[in-house]
Each structure stands twice: as structure tokens, then as C-alpha cells.
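Enquirer: sequence unavailable; structure follows:
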């Protein structure tokens, strides 16, 4: 933009000039209120403006929009498979899947899956009973994978979406809307540097407020966040409080 940095607008005419410059260069604009939080130095945009600033979710499933039918319980299992990255032979992966499937899950979520492991998962879940999905264009060699048991009742619909975090490590949030449930498969920034911590804090803040950005009349009523948060003590307070 032509106007960079802080601008002092002491007079009404200066405010209108600045807004006119923005509109001339951007074509349109919207004004949103900023709310000061109780945390020192933290300001929040109202939900509508935060949603407008973010790119749209990329829809990666072929299901219809989630309906509001309520299932009293859904069994969800999450597992980070980073330790298997260099020894994820098919026999080992299948042994792990056998243990997980014995629990009767409706949703299985994996983080740090690599292509070799995904091939095994795809073979195991490539049936009418399950659907498996990953991010269509992962930036890194590892990514999140979510397997969903196909609903037995035609009334329960589901769809899958993904949202890339602001990340130097290709981290993202993979979401399944399953009937009246929304399940987020999380892989947050790792590392202890200040840059890592700052990016992780931004990702936690987004996850803490994501339900505020949705229309409750159109979206599911139960939200579950699970996965590999890489959280240090206190970093996830915004999510658990």
C-alpha cells in the first residue's frame, strides 16, 4: 500500500483521506472493532473480521455440508507416528492399525505421516467402510491424515477441510465435520526458538477461537481438537480455559 506505518489522523478530513486512499487501492474495505483483552498487550479483532482476514478453508472431501443430527458419542483416536518415519514397514504399521481398530473408532487421526506410510493406510482404509484423506498439496514430506468410518445411517453427512497455518514447517489443521461433530486434526509448530513459540502461539490463538468464527445455526455443536500440539507448559492455556 501507499500508506505504510502509523498515520496520525487528528482531523476528520484526514480520516476520510486515509479511507479514500485505501478504497482507491483495494477497491473495497470494511471497518471492524478491536477489543482489548484482560491479557496484557493482547488485542482481539471481532470474529467477523478475523474470518475475513483468513483464507477460505480448502474443501477436500466429497461429502455434503454437515447436518445437525446428534450422535451421543463418537470414538476418536489420535496418534503421532513420527517415531516410525524411518522404519514404517508395512507389517509394523498394520500391527499398529490392528490395535487401534480393535477399539472400534469412528475417526482415526495421524500426524507426521510420510508417503510410504500413507500407501499402507490407503490400502487398509480404501474400502466402502472407511474414507481416508490427507492434505492435497502438503508442503513438507510429512502431513496429517484422517480416516473416517462411513456413517451407517444416510442422515449423517460429513465433509473434510484443511487450513494451512502460518508455519515454516508445513503445519496445518485438518478438519472433519461428522454429523453434529467437528473434529480438528492438529499438528502445531515445533521447536523452542522465539520464532517457533510465536508461530505456535498464533496457531493456538486461532484454534481457541475457531468456533467463534462459525455460524452456530449452520455448523456442528461439538468441537474436538486433538493431535500433536508440541505445547510447552502454559502455551495451551488459551485452548483449555
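Expert: Arrived safely. Being a predicted model, the structure only gives us computed values, none of them experimental. Numbers count the residues shown, from 1 in each chain.
Enquirer: can you list the weak-confidence ranges in the protein?
Expert: The chain contains residues with pLDDT under 70 at 1-7, 28-29, 32-71, 83-90, 151-158, 211-221, 241.
Enquirer: which residue ranges of it form helices?
Expert: 12-26, 47-53, 90-101, 115-125, 194-209, 237-240 (DSSP state H).
Enquirer: rebuild these as CSV, extending it with mean neighbour count and distance to residue 149.
Expert: In short, each C-beta sits where N, CA and C put it, glycine included. Shown next, in CSV, are those (neighbours: other Cβ atoms under 10 Å; distance: least, Cβ to Cβ, whole Å):
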stretch, mean neighbour count, distance to residue 149
helix 12-26, 11, 45
helix 47-53, 14, 30
helix 90-101, 14, 10
helix 115-125, 17, 9
helix 194-209, 17, 24
helix 237-240, 13, 26
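Enquirer: now distance to residue 174 too, for these, in CSV please.
Expert: Supplementary listing: those in CSV, determined by distance: least, Cβ to Cβ, whole Å:
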stretch, distance to residue 174
helix 12-26, 32
helix 47-53, 19
helix 90-101, 17
helix 115-125, 13
helix 194-209, 12
helix 237-240, 17
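Enquirer: what residues of stretch 121-140 count as buried?
Expert: 121, 124-125, 131-135, 138 (16 or more other Cβ atoms under 10 Å).
Enquirer: my read: residue 236 touches residue 201, true?
Expert: No: in this structure, residue 236 is not within contact of residue 201 by Cβ atoms under 8 Å, at 9.9 Å.
Enquirer: how far away is the nearest residue to residue 239 once chain neighbours are set aside from residue 189?
Expert: Counting by Cβ to Cβ, 6 or more residues apart in numbering, the nearest residue to residue 239 once its immediate chain neighbours are dropped is residue 208, at 4.9 Å. Per Cβ to Cβ, to the nearest Å, residue 208 is found 15 Å from residue 189.
Enquirer: returning to what we had before: wait, which of the buried residues of stretch 121-140 is closest to residue 16?
Expert: Comparing these against residue 16 with Cβ to Cβ places residue 135 closest, at 44.1 Å.
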